[in-house]
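**Q** model the following, please.
(4 chains)
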2 protein chains.
Amino acid sequence: MRGYGQFCPVAKAAEIFAERWTPLILRELLCGSRYFGDLQRGVPLISRALLAQRLRELETAGVITVTPKSSGQGHEYVLTDAGKEFQSIIEGLSAWGQKYVKRFLGPDDLDADFLMFSIRRDPHLAQAPAGRIVVAFQFRGIPAGNRSLRFYWLILEDGELDICYRRPGFEEDLVVKADLGSFTRAWLGYLDYRKEMRAGRIAIDGPAKLAQSFWHWMGVVDRAKGVWPLYPDAAKPGADTA
Amino acid sequence: MRGYGQFCPVAKAAEIFAERWTPLILRELLCGSRYFGDLQRGVPLISRALLAQRLRELETAGVITVTPKSSGQGHEYVLTDAGKEFQSIIEGLSAWGQKYVKRFLGPDDLDADFLMFSIRRDPHLAQAPAGRIVVAFQFRGIPAGNRSLRFYWLILEDGELDICYRRPGFEEDLVVKADLGSFTRAWLGYLDYRKEMRAGRIAIDGPAKLAQSFWHWMGVVDRAKGVWPLYPDAAKPGADTA
DNA sequence: CAGTATCCGATGCGATACTG
DNA sequence: CAGTATCGCATCGGATACTG
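**A** Take a look at the predicted model:
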């Protein structure tokens, strides 16, 4: 039996919303992802086949529209009005999660790639100082890691944003070396970043002033206060990240 | 893999909330159900084993507390503060469903027992005229029905409420004869009850004045306007319905 | 890249029976 | 009544390979 066999609106909405992976797909769409590849980058552990199936189901349910991409092949997946109205529910889940799931964060939930993906689309980054800033990240403590260390470079330049997986041509302004679990939790606002730094689990090298402000334009200070603005629907699609 | 492997609060909350049946169980708990039997009456299609499993999971997740019932065996399942904070999310799903799922209501979603169960706990009934009112319901068009007709008696008496499955001792004040699908949709506010009555799919016998007010204290007039107050947490547990 | 088709293994979950 | 234990199958969903 697929559905719940109840006419109750909660049941009928749950048949659509509470399927496995669907809340995450909706989160991605609400963040502005519109293409298959973007969606999969935001929900990396879903299989392509299942993502395609869920997207079809969401189309059938009237939650998204699917139109062929003008540029060559592929489709564009866009929330309908009905789909957009899931935003408050996703926000509600986010708020609930932020408040109550700290203690359930396990090693399996850590993912350096996804962390950088999340950092990249955090609207707080817009508050970073003007000009070009290059932040190098070096994570250790990768669980089940093929490699024990992970490197990323975050490049901000006047509103432009990029994540690189190898050293870019530019000079590094900040170098963050951290345990992945500590940094993830600190970034989420679950741990006090000052305490983590004192304990040596997070270190930031670079100009003191920039290192200070880092935690602000990373959004950490806000999130630690319980302020989680929902992702703006202004997220740019398809800016390449390689 | 059980979880989603993401630290994102939406993902972690969805791991708890968006499991199969869980939104319905939470709806029941938010409506005031506290005992195993009540929960199963509100979610009739779930198996006992699975209901027990979900309740254990919700306890582990810190959403409910489970305490032995003082009266003999069995437990009492009560929402924690964390659990109560799902209320706005359930309300959100309800609102979304009420707005968008009309067209997805199929024969499998019709259930006369559950309809009467839902009617019984509708807070609107408190607005019924004082004194004793006995409403007989006779449903036809039962899908996949073992019997093609279904009878119920709703007895209101000064705030007391009961559903009976056989003719009570009291005289009937109103007799409702209706197609189950029509009445369900009308009760939900999805169809215009006047139109259904004109078409002969719903008939009400009894004093004109009472028959008129019927649709108001059944909550239909409100729901048709889009007003769906969430169930009060005042629902009385365990009042017998046999 | 953007999917689809096929295979097949894990498990979710319903049915039934059992217990205090 | 309020669950628990066991069984068995359907299907969910991951892996791999294929297509335009």
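**Q** without its sequence neighbours, what residue ends up closest to residue A:156?
**A** residue A:133 (4.6 Å; CB to CB, 6 or more residues apart in numbering or on different chains). For every residue, glycine as well, the C-beta is placed using N, CA and C.
**Q** and that neighbour, what pLDDT?
**A** Here, the pLDDT recorded for residue A:133 equals 96.
**Q** try residue A:145
**A** 59.
**Q** ok, residue A:151 to residue A:135 distance?
**A** Distance of residue A:151 to residue A:135, given as CB to CB, to the nearest Å: 12 Å.
**Q** quick one: name the residues of chain A near DNA strand C.
**A** A:1, A:35-37, A:48-49, A:52, A:56, A:69, A:73-75 (CB under 7 Å from any atom of the strand).
**Q** how is the residue sitting nearest the centre point of chain A assigned, secondary-structure-wise?
**A** By CA atoms, centre = their mean, chain A has its centre lying nearest to residue A:118, at 2.8 Å. At residue A:118 the chain is in helix, as set by DSSP: H, G, I helix; E, B strand; the rest coil.
**Q** is it true that it touches residue B:8?
**A** Yes - the pair residue A:118 / residue B:8 is scored as a contact, 6.9 Å apart, by CB atoms under 8 Å.
**Q** isn't residue A:29 right up against residue A:87?
**A** No - judged on CB under 8 Å, residue A:29 makes no contact with residue A:87 at a distance of 9.7 Å.
**Q** show me which of the two is the more surrounded one.
**A** Remark: of residue A:29 and residue A:87, residue A:29 carries more neighbours, 26 against 18, as counted by other CB atoms under 10 Å in any protein chain shown.
**Q** returning to what we had before: could you turn the buried ones of the residues of chain A next to DNA strand C into a PyMOL selection?
**A** Buried residues within those, by 16 or more other CB atoms under 10 Å in any protein chain shown, are selected in PyMOL with:
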select buried, chain A and resi 36+75
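**Q** ok, which of the residues of chain A next to DNA strand C also contact DNA strand D?
**A** Applying CB under 7 Å from any atom of the strand to these, those adjacent to DNA strand D are A:48-49, A:73.
**Q** of all those, the one with the weakest confidence?
**A** In terms of pLDDT, the lowest of those is residue A:73, showing 80.
**Q** secondary structure class of it, three-state.
**A** Note that with three-state DSSP, the state of residue A:73 is coil.
**Q** ok, it to residue B:153 distance?
**A** 62 Å.
**Q** go on, residue A:165?
**A** 70 Å.
**Q** list the contacts of stretch A:212-230.
**A** A:30, A:87, A:90-91, A:94-95, A:98-99, A:119, A:122-129, A:135, A:174, A:176, A:186-189, A:192-193, A:204, B:9 (CB atoms under 8 Å, 6 or more residues apart in numbering or on different chains).
**Q** equivalent analysis for stretch A:75-90, please.
**A** A:17, A:23, A:26-27, A:29-30, A:33-36, A:39, A:55, A:58, A:62-69, A:230, B:10, B:89, B:92-93, B:96, B:99-100.
**Q** now do the buried residues in that stretch.
**A** Result for stretch A:75-90 [16+ other CB under 10 Å]: buried residues A:75-77, A:79, A:82-83, A:85-90.
**Q** likewise stretch A:120-138?
**A** Applying 16+ other CB under 10 Å to stretch A:120-138 flags A:120-122, A:124-125, A:128, A:133-137 as buried.
**Q** between the residues you listed, which sits nearest DNA strand D?
**A** Among these, residue A:121 lies closest to DNA strand D (CB to the nearest atom of the strand), at 23.6 Å.
**Q** surely that closest one is in contact with residue A:31?
**A** Yes - under the criterion of CB under 8 Å, residue A:121 makes contact with residue A:31 at 6.2 Å.
**Q** so for stretch A:92-101, what gets flagged as buried?
**A** In stretch A:92-101, counting by 16+ other CB under 10 Å, buried: A:92-98, A:100-101.
**Q** and chain B, is it touching that?
**A** Yes - applying CB under 8 Å from any CB of the partner chain, one finds stretch A:92-101 touching chain B at A:92-101.
**Q** chain center to that stretch: distance?
**A** Here stretch A:92-101 is found 15 Å from its chain centre; the criterion is CA atoms, centre = their mean, to the nearest Å.
**Q** which outside residues touch that stretch?
**A** A:23, A:27, A:188-189, A:223, A:226, A:228, A:230, B:8-14, B:16-17, B:62, B:82, B:85-86, B:88-89, B:92.
**Q** what subset of the residues you listed is buried?
**A** A:23, A:27, A:188-189, A:223, A:228, B:8-14, B:16-17, B:62, B:82, B:85-86, B:88-89, B:92.
**Q** now, these that are in helices?
**A** Secondary structure from DSSP state H places A:23, A:27, A:188, A:223, B:9-14, B:16-17, B:82, B:88-89, B:92 of the buried ones among the contacts of stretch A:92-101 in helices.
**Q** distance of residue A:45 relative to residue B:202?
**A** 50 Å.
**Q** more crowded one of the two?
**A** Under the criterion of other CB under 10 Å, the comparison of residue A:45 against residue B:202 puts residue B:202 first, with 20 against 16.
**Q** ok, what's across the strand from the more buried one?
**A** residue B:178 (DSSP bridges).
**Q** isn't it right up against residue B:185?
**A** No - using CB under 8 Å, residue B:202 is not in contact with residue B:185, being 10.1 Å away.
**Q** got any residues that touch both of the two?
**A** residue B:196.
**Q** one step back: got the buried residues of stretch A:75-90 as TSV, with pLDDT columns?
**A** Listed next are those as TSV, based on pLDDT from 0 to 100:
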residue	pLDDT
A:75	92
A:76	94
A:77	95
A:79	96
A:82	97
A:83	96
A:85	96
A:86	96
A:87	95
A:88	94
A:89	96
A:90	95
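**Q** looking at these, which one is closest to residue B:141?
**A** For those, the closest approach to residue B:141 (CB to CB) belongs to residue A:82, at 28.8 Å.
**Q** how about that closest one: what's its closest non-neighbour residue?
**A** That would be residue B:100: by CB to CB, 6+ apart, it lies 4.8 Å from residue A:82.
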